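In: mind folding the following:
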Amino acid sequence: MDKGMSWFAAISGKRGRSPQFSDAAIQFCLTIKNLFGLALRQTIGFVQSLLALSELPRPVPDFSTLCRRQRSLDVQVACRPSSGGLELLLDSTGTKFLGEGEWKCKKHGAERRRQWRKLHIGIDAQTLPSSPP
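Out: Alright, predicted model coming up:
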């Protein structure tokens, strides 16, 4: 998604109202829907957040427009064919999101139960981004 992407449809010159959003905009929304396995209303919220983060003041198609236009569009999800096996690098860690610091709990005792969430990260070893030394 970039600023040069045609978000609004061109006037068709046919009878009736022209579509407001271009096929590229609908394709973008439906690709997000398919990649993340979202429902249509969730997709709308996700795309609104993406547009807000990228500071692009564009309206987002509503769920009925996406539902109607997805019947006529073939969603192209680009995937890279693999010639061999996948080498996956995994890392698992825990993140504390509620509770006091470890030093305070050790020194004075915990006031309430600390809450942690597990975080699992997987990276393809072939496309691992290189970091500068």
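In: phi first, then psi, for residue 54.
Out: phi -90, psi 10 (degrees, to the nearest 10).
In: could you report the pLDDT at it?
Out: Residue 54 is assigned a predicted lDDT (pLDDT) of 84.
In: same check, this time on the one 3 residues further on
Out: Here the pLDDT value assigned to residue 57 is 84.
In: repeat that for residue 75.
Out: 74.
In: which residues touch stretch 39-57?
Out: Residues outside stretch 39-57 that contact it (Cβ atoms under 8 Å, 6 or more residues apart in numbering): 1, 3, 28-30, 32-33, 36, 38, 58, 60-63, 66-67. Heads up, the C-betas are built off the backbone N, CA and C, glycines and all.
In: cool, stretch 6-14 as well?
Out: Outside stretch 6-14, the residues within contact range by Cβ under 8 Å, 6+ apart are 18, 19, 20, 21, 22, 23, 24, 25, 58.
In: check contacts around the third one.
Out: Each residue near residue 20 by Cβ under 8 Å, 6+ apart is listed here: 8, 9, 61, 65.
In: name the nearest of those residues relative to residue 109.
Out: Nearest to residue 109 out of the contacts of residue 20 is residue 61 (Cβ to Cβ; 54.1 Å).
In: just the buried ones from the contacts of stretch 39-57, in ChimeraX syntax?
Out: Buried members of the contacts of stretch 39-57, defined by 16 or more other Cβ atoms under 10 Å, are picked up in ChimeraX with:
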select :1,28,29,30,32,33,38,58,60,61,66
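In: and which of the contacts of stretch 39-57 is nearest to residue 109?
Out: The shortest approach to residue 109 among the contacts of stretch 39-57 belongs to residue 36, at 42.1 Å (Cβ to Cβ).
In: quick check: phi and psi at the residue nearest to the closest one when sequence neighbours are not counted.
Out: Leaving aside its sequence neighbours, residue 36 sits nearest to residue 46 (Cβ to Cβ, 6 or more residues apart in numbering; 7.1 Å). The phi and psi values for residue 46, taken as degrees, to the nearest 10, are phi -60, psi -50.
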